[in-house]
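A.B. asks: got a predicted structure here, sequence first:
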Amino acid sequence: MKILNSKLFANILNIISVFALFFLLCKNIPFIFGKSFDAFVYNSDYFINYTSGFIKRGLDGHIIYMMTILTDFSPVNILRFIYLSFFIILLLIVLNVYLKTKIPFYFIFSPFLFIFSFVYFPLFHVAKDMEILIISYLVLYLFVNLKSRWLFNIVLSLGILVHEEIFIFIFLPLLLIYLFYLSEENFLKTIARFCVFLFPSTIVFLFMTLKFNGLSNNIQIIYDSWKPYSPYLQHVIFNSGLFDGKPRMIFATLKESYNLLGLIGLVIINFLFITFGIYLFERKHFIVIFLMSALQILPSIALCFIASDFGRWFYIPNVILLFSVFLLRDKTTVENNIFYLNDSIVKIYNKLALPAIGVLYIFGGMPYGGFNIYRYFYSNPLNIIINWANNY
């Protein structure tokens, strides 16, 4: 009976996810092919280029700029094609994860994973999330399978040139993978070898973060570089902290007590959903993912205090954890592993994992901006279905 109920439970949540995903696709496909994409595209870091000098986040923007000059195609349509390509590649990666693991559809397309990305997709600007996740997957693949150190660092460095947040989110998972799966030496030697392995990419990250922010006068030069090529790029808008070194601080948002409670609630709920899910579906790697998820809270909170994208700072590391589980599925931990989980934690997860996943799925969500409780339900599958029913 318990197995039957768990299967019924999974099927119900799978059906909800399928409907929510279908409705979101119906909303997003017209966005990427229609004039809405053109209208939103001005607010995108994809149009940062190197015409004003070498600055962070400019790599793919300069590639688009050079393609525009060489082909005479519209830069907006070039980005549309690239964006759609990233969508298809990421979809194939996710499909591969789904088909080759025991992780169910409703967990992968939950409010805390890919349902959120479809909700966020057309809201504010054309973001680099899909590209960052694809590069993260490739970096993890090269690292887990001990491919060439230099190839690994080249790919990660290119990712940093696309957006420096990739290094922030992938550093701790790489460290834990190295500790648990790739090195059999003592702790201090393992840390030293890891630092040497990652040294080239770390230097690139530090230079991009500390030296190549750019200045406010870079903005006008970049604006002018796009004006001849598209009527939609006459007034490009970039991250307000990119050129002046002053990130979009959210202390004003958090000084209201309910917003601070919302942030704390998001941290706890997100951690529980991801770790309960991994415990249920890929228990072999539970201790590693438990530690990864706990440690990833630190960069997520830090980014919440300096940039106002909120839910993205939890969604992106969640997907990186999912990719880590997938790529480690055939790996075993090294024999000198000294970490273990207290039996009482394991008992709690064993008893509560399944009902907790159901409750958090049905009532969960992540905010696209701010920590007001109403914003959490933008990525809630039932809310998506209800909104669709009310509108049609």
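C.D. replies: That came in fine, so what should we check first? Predicted model only: the values in this text are computed from it and were never measured.

A.B. asks: can you pull the buried residues of the helix or strand where T275 lies?
C.D. replies: Secondary structure from DSSP states H and E places T275 in helix 257-281. Using 16 or more other C-beta atoms under 10 Å as the test for burial, helix 257-281 gives 259, 262-263, 266, 269-281. Any C-beta I mention is one placed from the backbone N, CA and C, and that applies to glycine too.

A.B. asks: then stretch 17-29?
C.D. replies: Under 16+ other C-beta under 10 Å, the buried positions of stretch 17-29 are S17, A20, L21, F23, L24, K27, N28.

A.B. asks: F118 is in contact with the last one, correct?
C.D. replies: Yes. Assessed by C-beta atoms under 8 Å, N28 is found in contact with F118 at 6.1 Å.

A.B. asks: who touches both of these two?
C.D. replies: Residues touching both N28 and F118 (C-beta atoms under 8 Å, 6 or more residues apart in numbering): none.

A.B. asks: state the distance from the residue nearest to I274 when sequence neighbours are not counted to I287.
C.D. replies: Distance criterion C-beta to C-beta, 6 or more residues apart in numbering; nearest residue to I274, sequence neighbours excluded, is S293 at 5.1 Å. According to C-beta to C-beta, to the nearest Å, S293 and I287 sit 11 Å apart.

A.B. asks: same check on L328?
C.D. replies: Counting by C-beta to C-beta, the gap from L328 to I287 is 12 Å.

A.B. asks: now do the SS call for Y229.
C.D. replies: Put simply, Y229 is coil when judged by DSSP: H, G, I helix; E, B strand; the rest coil.

A.B. asks: okay, now F31: neighbour count?
C.D. replies: 16 (other C-beta atoms under 10 Å).

A.B. asks: let me fix that, I meant to ask about L8.
C.D. replies: Neighbour tally, L8, other C-beta under 10 Å: 10.

A.B. asks: can you tell me the element it falls in?
C.D. replies: Under the assignment here (DSSP H and E), L8 is part of helix 2-33.

A.B. asks: counting by contacts, list what that helix packs against.
C.D. replies: With contacts taken as 3 or more C-beta pairs under 8 Å, 6 or more residues apart in numbering; DSSP states H and E, helix 2-33 sits against helix 35-40, helix 75-100, helix 105-108, helix 114-120, helix 343-363, helix 381-391.
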